[in-house]
Structure formats: structure tokens, C-alpha cells
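# Give me the fold of what follows.
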Amino acid sequence: MKIRLMIILAACAWLTAGCQTTPVDEPTTGPGTATSGTATDDGAQTSGIDDDGGFSGMDLDGSQADGIGMQGDPLLETRVILFDYDSSEVRSDFNDVLAAHAAYLAANPSVAVRLEGHADERGSREYNIGLGESRAQAVRRILVLQAVEASQIRTVSFGEERPAMFGTSEEAWERNRRVEIVYP
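Purely as a prediction, here's the structure:
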């Protein structure tokens, strides 16, 4: 019995020692390095979940400037289209935002866009993937109807897998029912 206890304690000590953390150097910014929400020299963008539970690189109001000639126009800087619960119908308060993006894309046929559909955590994983896809397709249809070439648009659904805001409040659910407009 004592031998078994000693073996268990030794194993726990060994596992605990293996879990020690090493200090992390502070990130530096310079050519080829990136901080949250920026692009590197090779065009890759970084993003992640910040301390407030939202994505870094994007404000919760959907604004995000990314250096492709869109700064200054608040409609073009708005990159998040919100949806009502269990709906893939684009809300009318985003018509001007989508019209601005459509005009920009139509005037710049070499620019591509990715529409990322999302859902809140309510519903099954499969249902939310489908709902996110329906939302992305709804935004795509509006852009194509406003003279954007279909070849410029790519859609993807993340369902509930990439929440913009963690929590079970109505505010969190509303922020997660969205399509993000991403210019890669």
C-alpha cells in the first residue's frame, strides 16, 4: 500500500514538474513580425481572442481597418453584419454597409472577399454550421445583385465555433449571430 502511494506521489511530482511554464519574451514589432490584428510583410493576418472575449483585430462594432485603401469610410470599415435569432435574412440597417462594400468590390475587380458565417451557441453544431452558411450566402447574394463578380467572393461557415463574444447573455448571442467580411 505504501509503495503504491509513493509511486503515485512520484508520478504526480513528475507530471507537475513537466507542467512548469517558462517566461515568454515580449513580442517585438518589426519587419516580418506581427502583433494582434496586423498583417505581416507576406500578407498573413493575425487575430485571436483578446482579454475581453472578443476577436483581436476587430472591434465588436465590426470596424476593422486593414490597409487596402478603405480607411476613412465608416461604411467600408464596418466588417460585421449582424442577424436576428434563427434568421439568415440580412437586417435592413446593414443595407448601406453592404452597398458600400459592393461598390468597392465592383470598382476593384482584383480584390477578393471572404464571407465568414457564424451563429450563437444555441442549436446543434450541424444546424449552426448550416445557419452560418445560409447567412454568408445571403450576404453573397446581395453583393452579387449589386454588380460584384461571384468569382470575387468566397463563403465559409464556422457555425458556433468562433464566437466573437463568450457568454450566455443576449448581448453575447447577438454579437455571435454574424457574417464577417474579410479582405484577405
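
# can you pull out the helices in this structure?
2-18, 74-77, 95-107, 125-145, 170-176 (DSSP state H).

# Out of those, the one nearest S157 is which?
helix 125-145 (3.5 Å; CB to CB). For every residue, glycine as well, the C-beta is placed using N, CA and C.

# neighbouring contacts of that closest one?
With contact meaning CB atoms under 8 Å, 6 or more residues apart in numbering, helix 125-145 is reached by 81, 83, 86, 88-90, 98, 101-102, 105, 113, 115-121, 123, 150, 153, 155-160, 177-179, 181.

# Just the buried subset of the residues you listed, please.
Buried by 16 or more other CB atoms under 10 Å: 81, 83, 88, 90, 98, 101-102, 105, 113, 115-121, 123, 153, 155, 157-160, 177-179, 181, out of the contacts of helix 125-145.

# comparing the helices of the chain, which gets the lowest mean pLDDT score?
Per-stretch mean pLDDT for the helices of the chain is lowest at helix 2-18 (a mean of 64).

# Take the helices of the chain and lay them out in TSV including distance to A164.
Formatted as TSV, the helices of the chain follow (distance: least, CB to CB, whole Å):
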stretch	distance to A164
helix 2-18	35
helix 74-77	16
helix 95-107	16
helix 125-145	12
helix 170-176	5
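
# Tell me which of those sits most buried.
Among the helices of the chain, helix 125-145 has the highest mean neighbour count (mean count of other CB atoms under 10 Å), at a mean of 19.

# Test my guess that R114 contacts V179.
No. With contact defined as CB atoms under 8 Å, R114 does not count as touching V179 (10.2 Å).

# list residues touching both of those two?
With contacts defined as CB under 8 Å, 6+ apart, no residue is adjacent to both R114 and V179.

# how close does L131 sit to D96?
Here the criterion is CB to CB, to the nearest Å. By it, L131 lies 24 Å from D96.

# same deal with T168?
For T168, the distance to D96 - CB to CB - is 32 Å.

# try L145
L145 is 15 Å from D96, by CB to CB.

# repeat for A164
Taking CB to CB, one finds A164 at 21 Å from D96.

# D86 now?
In terms of CB to CB, D86 sits 25 Å off from D96.

# bridging residues for S157?
G117 (DSSP bridges).

# For it, give me its contacts.
E116, G117, H118, I129, G130, L131, G132, E133, R135, A136.

# and which of those residues is nearest K2?
Looking at those and their distance to K2, the nearest is I129, at 53.8 Å (CB to CB).

# wait, P184 sits on V111?
No. Using CB under 8 Å, P184 makes no contact with V111, being 9.5 Å away.

# Which of the two has more residues huddled nearby?
More neighbours surround V111 than the other of P184 and V111, with 16 against 13 (other CB atoms under 10 Å).
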